[in-house]
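A.B. asks: Mind looking at a prediction? Sequence and model below.
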Amino acid sequence: MKTALITGANKSIGFETARQLLDAGYFVYIGSRDVAKGEEAAAQLGKENVVVVPLDVTDPGSIRAARELVGRTTDKLDVLINNAGVRGDFPQNPSSVSISTIRNVFETNFFGVIDVTQAFMDLLRQAAHPRIVNVTSGLASLTLHSDPSWVYYPIKGAAYGPSKTALNAWTLALAYELRDTTFKVNVVDPGYTATDFNDHRGTGTVENAAAILVRFATLDADGPTGKYFSNDREGEESPW
């Protein structure tokens, strides 16, 4: 049975992604900073093939403990979906936003992804066809941000968007490092989805958002790697 770890999987897009992977026959590790919420999510899923993993991606000790827990139940990890993310306090005007806000956002959205990925790399390498999906945003695209005709052109800030731009750059470098292996490593934007993350102002559904993450988590051998895809572009490649 294939295995998948999803960070921030106790609610919203992460939770729905877990549900869809379970339906596809995966054993799913639900990463959750709040253990009680993780257990509640597992109960709602009602599946046997679920393990809750206490995981705060900003805490190196928590990441080490999560790696040890997962390693006690499997000798490989087929899929890692780095879904956990934060918006940070708003407004995020570049000329006035606090450095602490920027640091806090980067700790989760950028450094946390790196720490988690590196911690689980040994288990990923044991899988025949490992897949890494780093959840990004359309707001990460510098190309789109420089285009006045883009629908989200006015939405600019100094923390959230830049943290995802940095994530895109790191993912591209990781994919290049792993280019001669069976890894597939991509950044995927689930689109403007109605969740707690944006006070349910998004226009997309969690089901559709999760579907694109699952699509890239289950790529076949001919699938792309080192690319940027977006639900807002109907799942097509997005400009960096």
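C.D. replies: Right, received. Where do you want to start?
A.B. asks: What count of nearby residues applies to Pro154?
C.D. replies: Here the number of neighbours of Pro154 (other Cβ atoms under 10 Å) works out to 7. Using the backbone N, CA and C atoms, a C-beta is placed for each residue, glycine as well.
A.B. asks: Can you report phi and psi for it?
C.D. replies: phi -70, psi -10 (degrees, to the nearest 10).
A.B. asks: residues touching it, list them.
C.D. replies: Residues near Pro154 by Cβ atoms under 8 Å, 6 or more residues apart in numbering: none.
A.B. asks: can you check Phe229 too?
C.D. replies: Per Cβ under 8 Å, 6+ apart, neighbours of Phe229: Asn186, Val187, Val188, Asp189, Ile212, Phe216, Gly235, Glu236, Glu237, Ser238.
A.B. asks: How about Tyr26?
C.D. replies: By Cβ under 8 Å, 6+ apart, Tyr26 lies in contact with Met1, Lys2, Thr3, Ala4, Asn49, Asp78, Val79.
A.B. asks: Now do the top helix by length along the chain: which elements does it pack against?
C.D. replies: Longest helix in the chain, counting residues (DSSP state H): helix 160-177. Where contact means 3 or more Cβ pairs under 8 Å, 6 or more residues apart in numbering; DSSP states H and E, helix 160-177 is packed against helix 99-106, helix 112-125, strand 131-135, strand 184-189.
A.B. asks: and the helix or strand that the last one is followed by with strand 131-135, angle?
C.D. replies: When you say that, I think you mean strand 184-189. Counting by DSSP states H and E, the element after strand 184-189 in chain order, helix or strand, is helix 206-217. Relative orientation of helix 206-217 and strand 131-135, computed by axes from the mean of the first three to the mean of the last three Cα atoms, to 10 degrees: 140 degrees.
A.B. asks: Any chance you could list what contacts the longest helix of the chain?
C.D. replies: 86-88, 92, 102, 105-106, 108-110, 113-114, 117, 132, 134, 136-137, 139-142, 145, 155, 183, 185-187, 225-228, 240.
A.B. asks: Of the residues you listed, keep whichever come out buried.
C.D. replies: 86-88, 92, 102, 105-106, 108-110, 113-114, 117, 132, 134, 136-137, 139-141, 145, 183, 185-187, 225-228 (16 or more other Cβ atoms under 10 Å).
A.B. asks: how many other residues sit next to Leu219?
C.D. replies: As a burial measure, Leu219 scores 16 neighbours (other Cβ under 10 Å).
A.B. asks: again, but for Gly235
C.D. replies: By the criterion of other Cβ under 10 Å, Gly235 has 17 neighbours.
A.B. asks: Report the separation between the nearest residue to it once chain neighbours are set aside and Ile63.
C.D. replies: Nearest non-adjacent residue to Gly235, counting by Cβ to Cβ, 6 or more residues apart in numbering: Ile212, 5.6 Å away. To Ile63, Ile212 is 26 Å away according to Cβ to Cβ, to the nearest Å.
A.B. asks: and what of Ile102?
C.D. replies: Distance from Ile102 to Ile63, counting by Cβ to Cβ: 22 Å.
A.B. asks: quick one: low-confidence parts of this structure?
C.D. replies: Residue ranges of the chain with pLDDT under 70: 194, 196-200, 202-203.
A.B. asks: shouldn't Gln138 be in contact with Asp147?
C.D. replies: Small correction: residue 138 is Gly, not Gln. No - look at Gly138 against Asp147 with Cβ atoms under 8 Å: they stay out of range, at 11.8 Å.
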